[in-house]
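Novice: Have a look; sequence and predicted model below, questions after that.
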Amino acid sequence: RCGGISGMLKNSCRGGPPRGGLACFRASSLQRDEEKDDGSEVIRREPSLHYAGTGSPGIVRARRTGGIGHGDPLYNWKPEVQFPEHKVMNVLILGCDHDYDNKDQIVKNAWGRSDSIMMARFDFTAKKIDALTIPRDTAVRIPGFRGVHKINAAHSYGGPTLSAETIKRIFGIESDGVIEVNFEGFQAIVDALDGIDLTVEKKLDYDDNWGNLHIHLKPGFQHMNGYQAMGYVRMRHSDTDQMRSKRQHNFIEAMRTKVKQPSTFGKLPGAVDRLSDSIKHYQMSRDQTFALINFARSLPKENINIE
């Protein structure tokens, strides 16, 4: 993946990327890592990224202003208000799984692996978004750990901090902020919007009792609830990671279309506030996260490029 989106992302990094950044990583870097990680040295790290919970001012500076006097109820969620000092933002978006014990119970206080990894470059001046999906099985060296690992293990070892650090170290992309959504948060958002319309390209059937994932979708256009949509974007056992990425891109576009109506978009804040444990933002405040979503929904389809 030389040049293109990855080049744009790389060139937007402050201080420039290290040699052999994302714009130049070879196909060999994308090979599946079939080796076990048993022999690796695990160094537990405390998270250093700032978690900006509801009401937090965040790390990225925003203007303190109200929207009522401007006659626009969405004024506070404009990029120029929330990011007055930024023309471009690199945002790491993670969809995260849970760790389960031998009794099929969620392991508390465990980060879990990142099931989906996307780096998005929001260009507020050019009014466009360039995004790159990083396959979860990409073989990398994780800072502080010996051996080669799948990149999704970085989140399990050190949360969003280590995920962002790994991407910066290996690919040369610095994250200005991180948005993290687990499976419960994903489902709840879709359900809060009264479902989503998607076209299924082929029959998707898969049962994973250990991972609590059951996918049974027939081909054709259909209306999905949150659980069905989660299965649609997670399915990868009947085809390739590229097809899985394509389904994720289709879902993103369907969601963007869904929230184009201000009344529908207005349902998101309440849903997110109720799911503070499932949807988190680091280095950014709640309002700054919604400013990014508001920016994305306002763009024409041709101004959003996802690889």
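Specialist: All right, it came through fine.

Novice: hey, let's count contacts and neighbours off CA atoms from now on
Specialist: OK.

Novice: So, low pLDDT: which residues of the stretch 201-307 of the chain?
Specialist: 209-211 (pLDDT under 70).

Novice: residue ranges for the helices of it, please.
Specialist: With helices called from DSSP state H, counting those that start in this stretch, the stretch 201-307 of the chain shows them at 226-234, 241-258, 262-265, 268-274, 286-298.

Novice: okay if I get the ones you listed as TSV plus mean neighbour count and distance to residue 92?
Specialist: TSV is the format used below for the helices of the stretch 201-307 of the chain (neighbours: other Cα atoms under 10 Å; distance: least, Cα to Cα, whole Å):
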stretch	mean neighbour count	distance to residue 92
helix 226-234	21	18
helix 241-258	18	15
helix 262-265	13	22
helix 268-274	15	18
helix 286-298	20	12
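
Novice: Between these, which one is closest to residue 73.
Specialist: Set against residue 73 and scored by Cα to Cα, those come closest in helix 262-265, at 9.4 Å.

Novice: quick one: contacts of that closest one?
Specialist: 193, 258-259 (Cα atoms under 8 Å, 6 or more residues apart in numbering).

Novice: which of the residues you listed lies closest to residue 125?
Specialist: Checking the contacts of helix 262-265 against residue 125 with Cα to Cα, the nearest one is residue 259 at 22.2 Å.

Novice: Surely that closest one and residue 296 touch.
Specialist: No: contact criterion Cα atoms under 8 Å: residue 259 and residue 296 do not qualify, at 9.8 Å.

Novice: Quick test: name the residue nearest the centre of this structure.
Specialist: Centrality entry for the chain: nearest residue to the mean C-alpha point is residue 93, 2.1 Å, by Cα atoms, centre = their mean.

Novice: Skipping its backbone neighbours, what lies nearest residue 185 in space?
Specialist: residue 278 (4.8 Å; Cα to Cα, 6 or more residues apart in numbering).

Novice: So, low pLDDT: which residues of the stretch 51-200 of the chain?
Specialist: Residues of the stretch 51-200 of the chain meeting the criterion pLDDT under 70: 51-71, 99-105.

Novice: let's see 50
Specialist: Scanning the stretch 51-200 of the chain for pLDDT under 50 picks out the ranges 53-59, 68-69.

Novice: can you give me the helices in it?
Specialist: Using DSSP H, counting those that start in this stretch, helices in the stretch 51-200 of the chain cover 79-82, 153-171, 183-192.

Novice: With distance to residue 108 and mean neighbour count as added columns, please give these in TSV.
Specialist: Listed next are those as TSV, based on distance: least, Cα to Cα, whole Å; neighbours: other Cα atoms under 10 Å:
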stretch	distance to residue 108	mean neighbour count
helix 79-82	34	22
helix 153-171	12	22
helix 183-192	15	19
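
Novice: wait, which of these is closest to residue 224?
Specialist: Closest to residue 224 of the helices of the stretch 51-200 of the chain, according to Cα to Cα: helix 183-192, at 8.6 Å.
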